[in-house]
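Student: give me a 3D structure for the following:
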Amino acid sequence: MGKMEEFFLIGSQVNEIEIKELLLRRYGRYDFPDMKFEEFIDFIVLAITKDRQDKVREEYLVLLPMLIKGGHYMTFDKFYEEATGSNIDWRPSEDILKEAEQIQERFKNGG
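Tutor: The predicted model follows:
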């Protein structure tokens, strides 16, 4: 996913007030006049991503004792992937099926 696609995907999930609140909370301000537009977009995406990671990490730490006790321990990275859906392959199904067929052929032919 490209930077602009990522920005619009994330931007569609939050509004201007939420972005300002996030920047104020994380950095103590929400205006960065010396930053180029593209840098500011990357900065907002990074702030939103880090905020999401922080929230998922808090959830993970709360659930960790229950996961361990229940025999379902998983690393934070795996938990994060499942919690955010970042482990979902967004390619068209035809591409995924084609790749699966290629993998099966390699195994049939010895590796």
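Student: can you dump the C-alpha atoms of the helix or strand containing L22 in PDB for me?
Tutor: Assigned by DSSP states H and E, L22 falls within helix 16-27. As requested, the backbone C-alpha atoms of helix 16-27 are provided in PDB (Å, rounded to 0.1, in the frame of the first residue of the first chain):
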ATOM      1  CA  GLU A  16      -9.700  16.600  12.000                       C
ATOM      2  CA  ILE A  17     -10.500  17.100  15.700                       C
ATOM      3  CA  GLU A  18      -9.300  13.600  16.600                       C
ATOM      4  CA  ILE A  19      -6.000  14.200  14.700                       C
ATOM      5  CA  LYS A  20      -5.500  17.500  16.500                       C
ATOM      6  CA  GLU A  21      -6.200  15.900  19.900                       C
ATOM      7  CA  LEU A  22      -3.800  13.100  19.100                       C
ATOM      8  CA  LEU A  23      -1.000  15.500  18.000                       C
ATOM      9  CA  LEU A  24      -1.600  17.600  21.100                       C
ATOM     10  CA  ARG A  25      -1.500  14.500  23.400                       C
ATOM     11  CA  ARG A  26       1.600  13.000  21.800                       C
ATOM     12  CA  TYR A  27       3.600  16.100  20.900                       C
END
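Student: buried sites along it?
Tutor: Neighbour counts over helix 16-27 (16 or more other CB atoms under 10 Å) mark 19, 22-23 as buried. C-beta here means a position set from N, CA and C on the backbone, and glycine is covered the same way.
Student: could you do stretch 79-92 as well?
Tutor: By 16+ other CB under 10 Å, the buried positions in stretch 79-92 come out as 79-80, 83.
Student: next step: those residues restricted to helices.
Tutor: Counting by DSSP state H, the buried residues of stretch 79-92 place 79-80, 83 in helices.
Student: find the centremost residue of the chain, please.
Tutor: Residue closest to the average C-alpha location in the chain (CA atoms, centre = their mean): S86, at 5.2 Å.
Student: you'd agree that residue is up against Y80?
Tutor: Yes: using CB atoms under 8 Å, S86 is in contact with Y80, at 7.0 Å.
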